[in-house]
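# can you look at this prediction? I've put the sequence above it.
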There are 2 protein chains.
Amino acid sequence: MALSALDRRSVIPLYYQIQQRLLDQIRSGALKSGEPVPSELEIAAGLGVSRMTARQALKSLCDLGITYTQRGKGTFVSANKLEKNIRQVLSFTEEMRTRGLRVDSKVLCFQAVPAVEEIAAALHAASGESLVKLHRIRLADSCPMGIECSYIPQRLCPDLLESFDASTSLYQTLSERYGIQMAFADEVIEAAMAGAQEARLLRIAKGSPVFIFTRVSCVQTGRPVEYVKSTYRADRYKIAHRLTRLNRELLA
Amino acid sequence: MALSALDRRSVIPLYYQIQQRLLDQIRSGALKSGEPVPSELEIAAGLGVSRMTARQALKSLCDLGITYTQRGKGTFVSANKLEKNIRQVLSFTEEMRTRGLRVDSKVLCFQAVPAVEEIAAALHAASGESLVKLHRIRLADSCPMGIECSYIPQRLCPDLLESFDASTSLYQTLSERYGIQMAFADEVIEAAMAGAQEARLLRIAKGSPVFIFTRVSCVQTGRPVEYVKSTYRADRYKIAHRLTRLNRELLA
DNA sequence: TGTGTTCAGTTGTCTAGACAACTAGGTGCA
DNA sequence: TGCACCTAGTTGTCTAGACAACTGAACACA
């Protein structure tokens, strides 16, 4: 094990301290792919915690896909590399910054509009309810990457129109100012050809391939809070993501 | 609660029996979105299990995104609908069948080939190692949807070339015959225009938008076992998926 | 009125143990 | 040799408690 003592006076839970130490060992290469992680009993004895606490630490690593267990044999480090560019619920700003690109925006429209039928339905809002519309061209290193158009119910962010600097991160503002944190998003992706207007804004040839994203972002409770329709140029933007097999019972 | 007694002699774990009952109540509408689920203590007292067992049942529902918890308040049903068409690690066959379409394939090529550099690297195989190549046109209700080309190391499925009916489900055969079960897959999606050959095979106009998928499927241990490059027509095929926010610590 | 306190209820964390199910390796017997 | 059995080690499940942290409502007091 070779792990130093835990801080029992810390507000950080013991299982979490253990999880972080194991994670450090994996990241540093002390524990390599396919190798066994210390067993529940080893951790419990070595750090002076109960087996259930050690188990909770190991379980959390499994849930993250870092390790896997084999009953009767042990817990092992997964071979999969933790890629940074797996897609998450991130704003364009966050997504590009994690790739080390300089982010910028050009605002085309920022105003309150009444909800049309389709968007109102997606946001569980009344048709005609006032939405804040934010229409932007997103630039990475000064190169136009895509066109984004977001709609958020105005009642959720009453004075956003006055206070928001539309060139900054919308998600950050929603989180800091209104306590709205996106937990997940359902998205439909289509491939299409750029129309004349889109091509002009993105500075590509008309008919070039583009991605069209229609995304509804939700908070933890499952309530939808944002509807986004985006068009991204496909020559500069690829989608990397991870597919997992869900619990089979859910589909039955 | 109004739940009947658990079967303590069953091989099915108690927490799982509890999870299924709660799931039934949610699916039947007895528990609606936003409503509180029975608390840990209510379940424990009502069904005569310990609190940790009740907790494990509730935790499993949270992990699936069915419910969410608020400390000091309770556990509540999420508002998100369980959509069937969220993408998973599914074969084309499985994916189309869940949508109720009749599936068919036309085999263009089914033979052993030596691994080229790029594919060998993705599969952690030696360059030149023998791979089973399966090149197919996928049809749904007799309409050509996409072109798929799979590569699997031959050592993992020694007599696949002789025994496999190439018009059936590859994933099902790998699972049943070789015990290979895909756990997750990393995929890169691009949007492009159909070339002359692709357009002919898919019976679309040259230059039509298509999706290009490059997928590496892995088993639980993280070992990659299949490399697939596919081209799907974008007029018939959309991608629906769910983005989640991963543990922030992983990215640091 | 309004403000702070108390209290019941909830989830989060942790303990110390128990038995079951499974794996892998070793042992002994035929 | 080959097979059955045993055993140590591991994860999976379950128990019966404990205290901490937080929420929301009821209550008492100024």
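Great, that's in hand.

# can I get the CA coordinates of the helix or strand hosting A:Arg27 in CSV?
Using DSSP states H and E, A:Arg27 sits within helix A:14-28. Extracted in CSV, the C-alpha atoms of helix A:14-28 (Å, rounded to 0.1, in the frame of the first residue of the first chain):
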residue,chain,number,x,y,z
LEU,A,14,-12.3,9.3,4.2
TYR,A,15,-13.5,7.3,1.2
TYR,A,16,-12.8,10.4,-1.0
GLN,A,17,-9.3,10.8,0.4
ILE,A,18,-8.7,7.1,-0.4
GLN,A,19,-10.2,7.5,-3.9
GLN,A,20,-7.8,10.4,-4.6
ARG,A,21,-4.8,8.5,-3.4
LEU,A,22,-5.6,5.6,-5.6
LEU,A,23,-6.2,7.9,-8.5
ASP,A,24,-2.8,9.5,-7.9
GLN,A,25,-1.1,6.1,-8.0
ILE,A,26,-2.9,5.3,-11.2
ARG,A,27,-2.1,8.6,-12.8
SER,A,28,1.5,8.5,-11.7
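
# interface residues of chain A facing DNA strand D?
Counting by C-beta under 7 Å from any atom of the strand, the residues of chain A close to DNA strand D are A:11, A:37, A:39-42, A:51-52, A:55, A:58-59, A:69-75. In this view, the C-beta of every residue, glycine as well, is placed from N, C-alpha and C.

# now, of those, which are buried?
Using 16 or more other C-beta atoms under 10 Å in any protein chain shown as the burial test, the residues of chain A next to DNA strand D include A:37, A:39-40, A:55, A:58-59, A:69, A:74-75 as buried.

# which of those residues fall in strands?
Of those, the ones assigned to strands by DSSP state E are A:69, A:74-75.

# phi, psi of the nearest residue to A:Ser167 once chain neighbours are set aside?
With C-beta to C-beta, 6 or more residues apart in numbering or on different chains as the criterion, A:Ser167 has its nearest non-adjacent residue at 4.8 Å, and that residue is A:Ser105. The phi/psi pair for A:Ser105 (degrees, to the nearest 10) reads phi -140, psi 150.

# coming back round to it: need the ones in strands among the buried ones among the residues of chain A next to DNA strand D in CSV (columns: pLDDT).
CSV is the format used below for these (pLDDT from 0 to 100):
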residue, pLDDT
A:Thr69, 96
A:Gly74, 97
A:Thr75, 98
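
# looking at the residues you listed, which one is closest to DNA strand C?
Closest approach to DNA strand C among those (C-beta to the nearest atom of the strand): A:Gly74, at 9.0 Å.

# which residues touch the closest one?
A:36-37, A:39 (C-beta atoms under 8 Å, 6 or more residues apart in numbering or on different chains).

# identify the bridge partners of it.
A:Gln70 (DSSP bridges).

# got it, and A:Glu148?
For A:Glu148, the residues forming beta bridges with it (DSSP bridges) are A:Arg136, A:Ser230.

# residues contacting it?
Contacts of A:Glu148 by C-beta under 8 Å, 6+ apart are A:92, A:134-138, A:228-230.

# again, only using 6 Å
Counting by C-beta atoms under 6 Å, 6 or more residues apart in numbering or on different chains, A:Glu148 makes contact with A:136, A:138, A:230.

# surely the first one touches A:Ser105?
Okay, so that is A:Arg136. Yes. Between A:Arg136 and A:Ser105 there is a contact under C-beta atoms under 6 Å: 4.7 Å.

# neighbour-wise, which of those two wins?
A:Arg136 (22 against 19; other C-beta atoms under 10 Å in any protein chain shown).

# can you report phi and psi for the residue of chain A positioned farthest from its centre?
In chain A, the greatest distance from the average C-alpha position (C-alpha atoms, centre = their mean) is reached by A:Ala45, at 37.0 Å. Phi and psi for A:Ala45, reported as degrees, to the nearest 10, are phi -70, psi -40.

# gap between it and A:Pro38?
Counting by C-beta to C-beta, to the nearest Å, the gap from A:Ala45 to A:Pro38 is 10 Å.

# cool, A:Gly46 as well?
Taking C-beta to C-beta, one finds A:Gly46 at 7 Å from A:Pro38.

# mind putting the ones in strands among the buried ones among the residues of chain A next to DNA strand D into TSV with distance to A:Leu6?
Converted to TSV, those look like this (distance: C-beta to C-beta, whole Å):
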residue	distance to A:Leu6
A:Thr69	23
A:Gly74	22
A:Thr75	19
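
# quick one, what contacts A:Ile26?
Residues near A:Ile26 by C-beta under 6 Å, 6+ apart: A:Val77.

# again, but for A:Val210
A:192, A:194, A:231, A:233-234.

# tell me how far the strand or helix carrying it lies from the chain's centre.
Using DSSP H and E, A:Val210 sits in strand A:209-218. Chain-centre distance of strand A:209-218: 14 Å, with C-alpha atoms, centre = their mean, to the nearest Å.

# okay, now the unreliable bits of chain A?
Applying pLDDT under 70 to chain A picks out residues A:1-3, A:81-85, A:89, A:246-252.

# please list the residues of it that sit near chain B.
With C-beta under 6 Å from any C-beta of the partner chain as the criterion, chain A meets chain B at residues A:64, A:68, A:78-80, A:87-89, A:184-193, A:209, A:211, A:220-223, A:234, A:238-247.

# PyMOL command for the buried members of those?
The PyMOL selection below is limited to those of those classed as buried (16+ other C-beta under 10 Å):
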select buried, chain A and resi 64+68+78+79+80+87+88+89+184+185+186+187+189+190+191+192+193+209+211+220+221+222+223+234+239+241+242+243+246
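
# what about DNA strand C: which of the residues of chain A next to chain B touch it?
Applying C-beta under 7 Å from any atom of the strand to these, none is adjacent to DNA strand C.

# could you report the distance from the residue of the stretch 101-250 of chain A found nearest chain B to A:Glu117?
Among the residues of the stretch 101-250 of chain A, A:Gly222 lies closest to chain B, at 3.1 Å counting by C-beta to the nearest C-beta. Note on A:Gly222: its distance to A:Glu117, by C-beta to C-beta, is 22 Å.

# ok, A:Gly34 next?
Taking C-beta to C-beta, one finds A:Gly34 at 54 Å from A:Glu117.

# compare the two (neighbour count), which wins?
The residue with more neighbours, out of A:Gly34 and A:Glu117, is A:Gly34; 12 against 9, by other C-beta under 10 Å.

# now do the SS call for A:Lys206.
Using DSSP: H, G, I helix; E, B strand; the rest coil, the structure places A:Lys206 in coil.

# is the nearest residue to it once chain neighbours are set aside within a helix or a strand, and which one?
For A:Lys206, ignoring the flanking residues on the chain, the nearest one in space by C-beta to C-beta, 6+ apart is A:Ala199 at 4.2 Å. Element membership of A:Ala199 [criterion: DSSP H and E] is helix A:196-202.

# contacts for that helix, please.
A:137, A:144, A:147, A:206, A:231, A:233.

# let's have these in CSV, adding distance to DNA strand C and neighbour count.
Below are those laid out as CSV (distance: C-beta to the nearest atom of the strand, whole Å; neighbours: other C-beta atoms under 10 Å in any protein chain shown):
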residue, distance to DNA strand C, neighbour count
A:Ile137, 41, 17
A:Pro144, 43, 18
A:Ile147, 39, 23
A:Lys206, 52, 12
A:Thr231, 39, 21
A:Arg233, 42, 23
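
# which one of these is nearest to A:Gln172?
A:Ile137 (19.0 Å; C-beta to C-beta).

# please report phi then psi for the nearest residue to A:Met52 once chain neighbours are set aside.
Distance criterion C-beta to C-beta, 6+ apart; nearest residue to A:Met52, sequence neighbours excluded, is B:Met52 at 8.0 Å. Main-chain dihedrals, B:Met52, degrees, to the nearest 10: phi -60, psi -30.

# next, the buried residues of stretch A:102-118.
Neighbour-count burial for stretch A:102-118 [16+ other C-beta under 10 Å]: A:103-105, A:115.
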